[in-house]
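In: The amino acid sequence is not available; the structure is as follows:
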Ligand code: C2E
Ligand code: CA
Ligand code: CA
C-alpha cells in the first residue's frame, strides 16, 4: 500500500491526475447510458454496441494516457506510437465483442461479457505499458501486479452485470462508479507495481516531442468521448421521457381496465390499478412492496395452480373485512427490460351469486320453494351418506293429496297453485327443522324425516300431516276440503338406496290410497310382489284386446211378475293364456287407471249388442259403463254406433252406471245420461247402497232401474237393517217410477223375501251364473218355449 500512496502522491501531477479520473468517470457513465440504449434497441443493436464500445474504449484509453502524462518518474520517457494506437483499437474491438455477448442472453453471457470487457481494458493498459520506454529498466512487483489485473477484470465484470440487470438511473451510476474504480485500480495499482531502475549510460529520449503527439491523440480521443457523452446524455433524457410516457400510458390503460390488475416483481407487488384498489378498498401505496399472499385472508396460501397453470381461484380479504372470491390469471411481462408478472384479478362475486341462484332454481320448485325432485334426491343422497356411516335410520314419507286433481280441474289452475302453496306451508309447519320437505311433482309431496326413533316418529309425523291437510283450506274466498294419504319407507330396513326407498314409499302410498285415503301405511314386503303382478297385468292388458283375449258372459235377470228371464247382463272375461281367467274386479280398475277402459268398454258394447240382436224380442241386454266412459266425450256416439252396427233397437239396451260416475262434474254427467236416454237406451243405477247413496242423484235423474247391491242380500236373514234398507229402496223406486232389481240372490229364501217386498227383478246364482253366449241363447229359447 505504501508504494501505492507514494506512487500516487509523489510521482503524479495532481491536476492531470484529476483530469484522468474525470475522463474515466465520463467514459464510464457514457458507456452505460449507451449500453442501456443498446439493451432496449429494437433493431440494429450493433450500432449501439459499437458506440458503447467506442465510449468505453476511448474512456479507458484516455484515462490511461492522461494518467501517463501525469506520471513523472523523474526520467525521460517515451510512448511507442504503434502500440499506443493499437491498444486503443484493441480495447474498442474487445469491448464491442464483450457487449454483444453480454446482451445476447442472460446468465453466463452477461458474466462472460463483463469478463471480456475487463480483459479488453486490462490488455489495453498493459499493451500501452509495453510501448512505454524510458532510460532505465522496468521491473514489476508481483502482488500489486496481480491485484491490478484481478480488479481490472472483476470490477468491470460486476459493473456490466449491474448495468444490465438494474437499468434504472441510480444503479446505473453505481455501475459506472464500479467501472471507474476498476479502470483506476487497474491503472494505478499497475503503476504502483512498476519499479524503474535508472540505467546510467542510456541515451536520452526526445521526451518533449513524444509528449506532444500523445497529448494531441489523447485530446482527440477525449473529444470523441465528449461528443459521445453529449449524445448519450440527450439519448438518456429522451429515453427517460419515453419511459415515463410509456409508464403513464400503461398506467391509464391499467386503470381503464374493468378487471383488477397487479404488477409483481420477484414476489412483491410493484403496482395496482384503480379497479383493484376499489375492489379491496385500499390505496395504491398499500399494495406496493406487499407479497401477493398479504391479500389473502389470514392463514390461507396461494393455490398451487397459480404457479403451475398461471390461473387459479382464490379469496381476497378486502379492507372492509369482506372475503371476495376472485380468479387470478398471471402472465409474465417484460417491463423496463425486467421480468415481472402481471396478475389479473377477476371479481367472482356476481358469478358465484348467479351460480348459487342457478343451483337453487335447479333444485327447488319455483311455486312452493320446496325441493324439487332433483333437489330432494340430493338431500336423500346426503342423508344416505351421513346415516349410512353412522348406521342410524331415517324415514321417507310420500304424500299424495286426495282430491287435488278434482279441485285443480274444476276450480282452475290458479286455485290449484294457490292451494299447493298453502299445503307446502302447512307441511313446513308440521316437520322439524332437521326434516326436509320436497315436492317431486304435481300433487306429490315428500318428507325426509331425520329422526332415529322409528317407526314411532314417522307415524306421528304422518298423522300430523294428514290432520293438518284435512283441515279446510280457504283459497280465493272458497273453502276447499282435500285430504292426504301417506306412504312410509324406513331406512335401512325398506331399502338402502334412493331408488328402492322411493319406490317402496310409493307402494305404501298406493296402498294407503286404495285402502280408503286419509290414512298412512308403512311399506311391507308383500306390497312389492302385488305391485309387480299389477305392473305385469298392466303391460299385458294393453295387448289383450288385439290378441282377442276378452270374451263376454251373460248373466240372466228374472222378472218376478211372470217369472221369466227378461234379459242378461254382459260381464267381461279375460282369458289370460298363462294365468287363466282374470276377474274383472282385478283388471277393470287397472283399465280405468290406464284409460284402456275406453277401447275395452267400446268393444264390450259392440259385442254385447251384436249378441243381443240375435235374441228374440223383447229380451234386453245390460252393459256396465265405467265412470270414465260416462265422462268420455265419445260415449253417446259409441252407444249409438254399437246399436246401429248390430241392428239392435236401443230400447233393448240397458246401461248400468254407478254413483261414482256422478260424483265429479255432475252436470256434465247428467247431460250425458240424458243424451243417452234420448237415444232410447235405458239407464240403471248399479250397486245402489254401496256408495254415497245420495237420494238427490235419484231425484235429479229419471233412472229406469235401481239395482240394489248384493251386499244387502247376503245378510238379509241376520241383519234387520239390511232388510229394512232393501224394503225402503223398493218403496222409493216405486214412488219415483223406477224398477228395482235385487242383485246377488243365491237362495230361495232370499228370493221369497224380496218378492214379498214387491221387488220387480232379481239377478243371482239362484237364477243363473254368468254363462257363455250360446248357453244364454239356449236358455232364452227354452224359456220362451215354456
Ligand atoms: P256388477 O256390475 O255388480 O256385476 C255383477 C257381479 O256380481 C258379477 O261379478 C257377477 O258374477 C256377480 N254375481 C252375480 N250373481 C251373484 C250372486 O248370486 N252371488 C255373488 N256372490 N256374486 C254374484 P263379475 O262378473 O266378477 O264382475 C264384477 C264387476 O266387474 C261387475 O260388478 C262390474 O262392476 C264389473 N264389470 C264386469 N264386466 C264389466 C264390463 O264389461 N264393463 C265394466 N265397466 N265393468 C264390468
Ligand atoms: Ca252391473
Ligand atoms: Ca251390480
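Out: Sure thing, it's come through. Source: prediction; values computed, not measured. Ligands and ions are numbered 1, 2, ... in the order given.
In: mind listing what's buried in stretch 773-781?
Out: In terms of neighbour count (16 or more other CB atoms under 10 Å), stretch 773-781 has its buried residues at 773, 776, 777, 779, 780. (Glycine included, C-beta is placed from N, CA and C.)
In: Give me the contact status of that stretch with ligand 1.
Out: No - in terms of CB under 6 Å from any ligand atom, no part of stretch 773-781 sits within range of ligand 1; the closest distance is 13.7 Å.
In: Can you lay out the buried residues of stretch 773-781 as CSV showing secondary structure and pLDDT?
Out: As requested, these are arranged in CSV below (DSSP: H, G, I helix; E, B strand; the rest coil; pLDDT from 0 to 100):
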residue, secondary structure, pLDDT
773, helix, 96
776, helix, 96
777, helix, 95
779, helix, 93
780, helix, 92
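In: Where does the stretch 251-400 of the chain get nearest to ligand 3, residue-wise?
Out: Each residue of the stretch 251-400 of the chain has a distance to ligand 3, by CB to the ion, and the smallest belongs to residue 400, at 28.9 Å.
In: Quick check: the gap between that residue and residue 498.
Out: For residue 400, the distance to residue 498 equals 19 Å [CB to CB, to the nearest Å].
In: and what of residue 627?
Out: Distance of residue 627 to residue 498, computed by CB to CB: 36 Å.
In: same check, this time on residue 736
Out: As for residue 736, its distance to residue 498 is 57 Å (criterion: CB to CB).
In: Now for the closest residue to ligand 1 within the stretch 201-350 of the chain, how many residues are close by?
Out: Closest to ligand 1 within the stretch 201-350 of the chain is residue 350: 61.4 Å, counting by CB to the nearest ligand atom. Burial measure for residue 350: 8 neighbouring residues, criterion other CB atoms under 10 Å.
In: Are we agreed that it is in a helix?
Out: Yes - with the criterion set as DSSP: H, G, I helix; E, B strand; the rest coil, the secondary structure at residue 350 is a helix.
In: In contact with residue 339: list those residues for me.
Out: The neighbours of residue 339, taking CB atoms under 8 Å, 6 or more residues apart in numbering as the test, are 265, 332, 333.
In: Which members of those residues occur in helices, if any?
Out: In helices, defined here by DSSP state H, there are no members of these.
In: Among these, name the ones in strands.
Out: Restricting those to those inside strands, with DSSP state E as the criterion, leaves 265, 332, 333.
In: re earlier: I'd like to know how far the residue of the stretch 201-350 of the chain closest to ligand 1 sits from residue 326.
Out: Relative to residue 326, residue 350 is positioned 12 Å away (criterion: CB to CB).
In: Could you do residue 175 as well?
Out: Plainly put, residue 175 is 40 Å away from residue 326 if you go by CB to CB.
In: Which one of those two is surrounded by more residues?
Out: With other CB under 10 Å as the criterion, residue 175 and residue 326 differ in neighbour count, and residue 175 comes out ahead with 27 against 24.
In: pretty sure that one contacts residue 167?
Out: No - the pair formed by residue 175 and residue 167 falls short of the contact definition of CB atoms under 8 Å, at 9.3 Å.
In: Quick check: neighbours shared by those two?
Out: Applying CB under 8 Å, 6+ apart, one finds that no residue jointly contacts residue 175 and residue 167.
In: so can I have JSON lines of the contacts of residue 339 showing pLDDT?
Out: Shown next, in JSON lines, are the contacts of residue 339 (pLDDT from 0 to 100):
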{"residue": "265", "pLDDT": "81"}
{"residue": "332", "pLDDT": "85"}
{"residue": "333", "pLDDT": "79"}
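In: Closest to residue 248 out of those residues?
Out: For the contacts of residue 339, the minimum distance to residue 248 (CB to CB) is 17.0 Å, reached by residue 333.
In: Neighbours of that closest one, how many?
Out: The number of residues packed around residue 333, counting by other CB under 10 Å, is 14.
In: which residues touch it?
Out: By CB under 8 Å, 6+ apart, residue 333 lies in contact with 263, 339, 340, 341, 342.
In: Now the second one: which helix or strand?
Out: Under DSSP states H and E, the secondary-structure element containing residue 339 is strand 338-347.
In: which parts of that strand are buried?
Out: Neighbour counts using 16+ other CB under 10 Å place 340, 341, 342, 343, 344, 345, 346, 347 of strand 338-347 among the buried residues.
In: cool, and stretch 286-294?
Out: Applying a neighbour-count criterion of 16+ other CB under 10 Å, one finds 286, 287, 290, 292 buried in stretch 286-294.
In: Quick one: mean pLDDT over it.
Out: Over the span of stretch 286-294, the pLDDT mean works out to 87.
In: if I look at residue 149, how far off is ligand 1?
Out: Applying CB to the nearest ligand atom, to the nearest Å, the value for residue 149 to ligand 1 is 121 Å.
In: Check whether that residue really touches residue 123, as I assumed.
Out: No - contact status for residue 149 versus residue 123: not in contact, 9.8 Å apart, counting by CB under 8 Å.
In: Neighbour count: those two, which is higher?
Out: In this view residue 149 and residue 123 are compared by other CB under 10 Å, and residue 149 has more residues nearby, 21 against 16.
In: Surely the more buried one forms part of a helix?
Out: Yes - assigned with three-state DSSP, residue 149 falls within a helix.
In: For the closest residue to it other than its chain neighbours, grab the count of nearby residues.
Out: Leaving out its chain neighbours, the residue that sits closest to residue 149 by CB to CB, 6 or more residues apart in numbering is residue 122, at 5.6 Å. A count of neighbours around residue 122, defined by other CB under 10 Å, yields 25.
In: how much space is there between residue 122 and ligand 1?
Out: Plainly put, residue 122 is 119 Å away from ligand 1 if you go by CB to the nearest ligand atom.
In: just curious, which of the ones in strands among the contacts of residue 339 is nearest to residue 22?
Out: Comparing the ones in strands among the contacts of residue 339 against residue 22 with CB to CB places residue 265 closest, at 35.8 Å.
In: Quick check: bridge partners of that closest one?
Out: Per DSSP bridges, the residues bridged to residue 265 are residue 268.
In: Would you confirm that it contacts residue 341?
Out: Yes - using CB under 8 Å, residue 265 is in contact with residue 341, at 7.3 Å.
In: for the stretch 201-350 of the chain, which spans come out with low pLDDT?
Out: Within the stretch 201-350 of the chain, the segments meeting pLDDT under 70 span 201-211, 335-338.
In: What segments of it are strands?
Out: Remark: strands assigned in the stretch 201-350 of the chain by DSSP state E, counting those that start in this stretch are 260-265, 268-272, 311-317, 323-335, 338-347.
In: Which elements pack onto the shortest one?
Out: Counting contacts by 3 or more CB pairs under 8 Å, 6 or more residues apart in numbering; DSSP states H and E, the secondary-structure elements packed against strand 268-272 are strand 260-265, helix 284-287.
In: before we move on, the earlier item: starting from residue 510, give me the distance back to the residue of the stretch 251-400 of the chain closest to ligand 3.
Out: With distances defined as CB to CB, the gap from residue 400 to residue 510 amounts to 9 Å.
In: List, one by one, the residues from the stretch 601-750 of the chain near ligand 1.
Out: That would be 601, 604, 624, 625, 626, 656, 686, 687, 710, 744, 745, 746, which are the residues of the stretch 601-750 of the chain within reach of ligand 1 (CB under 6 Å from any ligand atom).
In: Could you list which of those residues also contact ligand 2?
Out: Under the cut-off given by CB under 5 Å from the ion, ligand 2 has 624, 656, 686 from those close to it.
In: Let's see if you can find the most crowded of those.
Out: If you rank these by neighbour count (other CB under 10 Å), residue 686 sits at the top with 27 neighbours.
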